[in-house]
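A.B. asks: sequence first, then the predicted structure, then my questions.
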Amino acid sequence: MRVHNFSAGPAAMPLDVLEQAASEMSDWGSSGMSVMEVSHRSKEFVAAAEEAEALLRELLAVPDDYRVLFLQGGATGQFAGIPLNLSAEGDTVDYVNTGAWSKKAIAEAKKYATVNVVADESASNYSTTPDPAAVRPSQGSAYLHYTPNETIGGVEFGYVPDTGDVPLVADMSSTILSRPIEVSKFGLIYGGAQKNMGPAGLCLVVVRDDLVGRARPQTPSVWDYRAMAEAGSMLNTPPTFGIYLLGLILRWLKGQGGLAAMGERNRAKAEKLYAAIDGSPFYRNPVSPDARSWMNVPFILADDSLDKTFLAQAAEAGLTNLAGHRSVGGMRASIYNAMPMEGVDALIDFMKEFERANG
């Protein structure tokens, strides 16, 4: 029986996509082989990768002067790849600290550049985002990096920072494809696939042309944006299954009405779940209302001694992976694109019944 999977990643994928992949698992495109067995340089797979890129460009409205790269190493790999490609030895780079993933990006960047933290939300225990006026690049900065959505803390920016001529870099692992974005506001966006794009193992980088070709000599070739762009993301064997599934998910998204329609659904799911939490004395969301994530909704029980019971009974009810991250505890419901409203409704119904029985 399929459950409602609230995992933060690897996350739920659309059932239609999984069923199509299952039907093609041993014979993809009448090849007599799985897509995992065909050569990544075969004309059939190259065509599939090109279709995935074309669909991504269409759905995100990616301008022509941006390169789309399919890389490995996850978003964490890009914590190093970005300063290696976008800054020179001795450069200053700006970062915004809004939680766990921002801190990891900052720690990695410090190995390669002088990091200036232009805004730090640690004083609020990472329950807020900075005032837009505070997110300004410093003099001579090579770029400004921020995390639009902090998966662990459930904190999300309600605006895109204005950095003028300084390239804006965004870790969109948890938000990409969840709503329309204006790609031209960014110098580079990147994200791991395991939230809204497919299985773990694939990392997407969308980078403006003028930022390509700046890599330091010591940059690994597989993270050198120019080398990978010139090779069509196939300098080495790419994550073929991930690219294939990304293509299926992009087709599914297009069939759902595109990112505008998906954004409305995601907004409605989040608003409904937050309303249920706010309307109860038994549950609490720790994030400032103006910084709440659409994708990751943390909540705390009034009596944390009931946490294990809540999780066990939720799992019995077919509501899985609701435990908060080990660093913060509590609960977390990740409601990415593949989570239907029915799943949110089932969670709310369970929460109400659990409160009735234990409140």
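C.D. replies: Right, received. Where do you want to start? Keep in mind that what you see is a predicted model, and the values were worked out from it rather than measured. Numbering: from 1, shown residues only.
A.B. asks: helix or strand: which one has the residue lying farthest from the centre of the chain?
C.D. replies: Each residue of the chain has a distance to the centre, and by Cα atoms, centre = their mean the biggest one is for residue 357: 35.8 Å. Using DSSP states H and E, residue 357 maps to helix 341-358.
A.B. asks: give me the helices and strands touching that helix, please.
C.D. replies: With contacts defined as 3 or more Cβ pairs under 8 Å, 6 or more residues apart in numbering; DSSP states H and E, the packing partners of helix 341-358 are strand 4-5, helix 258-278, helix 307-316, strand 319-320. Placement of C-beta: from N, CA and C, glycine included.
A.B. asks: buried residues in it?
C.D. replies: 343, 344, 346, 347, 348, 350, 351, 352, 354, 355 (16 or more other Cβ atoms under 10 Å).
A.B. asks: OK, contacts around the residue nearest to residue 108 when sequence neighbours are not counted?
C.D. replies: Distances taken as Cβ to Cβ, 6 or more residues apart in numbering put residue 79 closest to residue 108, at 3.7 Å, once the chain neighbours are dropped. Contacts here follow Cβ atoms under 8 Å, 6 or more residues apart in numbering; on that basis residue 79 touches 104, 105, 107, 108, 109.
A.B. asks: likewise for residue 320?
C.D. replies: The contact partners of residue 320, taken as Cβ under 8 Å, 6+ apart, are 3, 4, 5, 6, 7, 314.
A.B. asks: tabulate the residues you listed (JSON lines), appending neighbour count, pLDDT and distance to residue 122.
C.D. replies: Shown next, in JSON lines, are the contacts of residue 320 (neighbours: other Cβ atoms under 10 Å; pLDDT from 0 to 100; distance: Cβ to Cβ, whole Å):
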{"residue": "3", "neighbour count": "15", "pLDDT": "97", "distance to residue 122": "36"}
{"residue": "4", "neighbour count": "23", "pLDDT": "98", "distance to residue 122": "33"}
{"residue": "5", "neighbour count": "19", "pLDDT": "98", "distance to residue 122": "31"}
{"residue": "6", "neighbour count": "25", "pLDDT": "98", "distance to residue 122": "27"}
{"residue": "7", "neighbour count": "18", "pLDDT": "97", "distance to residue 122": "27"}
{"residue": "314", "neighbour count": "24", "pLDDT": "98", "distance to residue 122": "31"}
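A.B. asks: of those, just say which sits nearest to residue 151.
C.D. replies: Distance from residue 151 was checked for each of the contacts of residue 320 by Cβ to Cβ. The minimum falls on residue 7, at 10.8 Å.
A.B. asks: for the closest one, what are phi and psi?
C.D. replies: Here is the backbone geometry of residue 7 (degrees, to the nearest 10): phi -60, psi 140.
A.B. asks: ok, now which ones touch the closest residue to it other than its chain neighbours?
C.D. replies: Counting by Cβ to Cβ, 6+ apart, residue 321 is the residue found nearest to residue 7 once chain neighbours are left out, at 3.7 Å. Listed by Cβ under 8 Å, 6+ apart, the contact partners of residue 321 are 5, 6, 7, 8, 334.
A.B. asks: farthest pair within those?
C.D. replies: Longest distance between any two of the contacts of residue 321 is 10.3 Å, between 5 and 8; criterion Cβ to Cβ.
A.B. asks: pLDDT of the helix holding residue 357, averaged?
C.D. replies: The pLDDT scores in helix 341-358 average 98.
A.B. asks: got it, and stretch 136-146?
C.D. replies: Rounded mean pLDDT across stretch 136-146 is 97.
A.B. asks: repeat for stretch 219-231
C.D. replies: For stretch 219-231, the mean per-residue pLDDT is 96.
A.B. asks: what about that stretch, start to end distance?
C.D. replies: In stretch 219-231, first residue to last residue: 16 Å (Cα to Cα, to the nearest Å).
A.B. asks: now that stretch, how far from the chain's geometric center?
C.D. replies: Between the centre of stretch 219-231 and the centre of its chain there are 22 Å (Cα atoms, centre = their mean, to the nearest Å).
A.B. asks: cool, stretch 19-30 as well?
C.D. replies: How far stretch 19-30 lies from its chain's middle: 27 Å, per Cα atoms, centre = their mean.
A.B. asks: could I have that stretch exported to CSV, CA atoms only?
C.D. replies: Only the C-alpha atoms of stretch 19-30 are listed here, as CSV (Å, rounded to 0.1, in the frame of the first residue of the first chain):
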residue,chain,number,x,y,z
GLU,A,19,4.6,3.6,-12.7
GLN,A,20,5.9,4.7,-16.1
ALA,A,21,9.5,4.2,-15.0
ALA,A,22,8.5,0.7,-13.7
SER,A,23,6.9,-0.2,-17.0
GLU,A,24,10.1,0.8,-18.8
MET,A,25,12.5,-0.6,-16.3
SER,A,26,13.7,-3.6,-18.4
ASP,A,27,12.9,-2.3,-21.9
TRP,A,28,13.4,1.4,-22.4
GLY,A,29,12.3,2.8,-25.7
SER,A,30,12.1,-0.7,-27.2
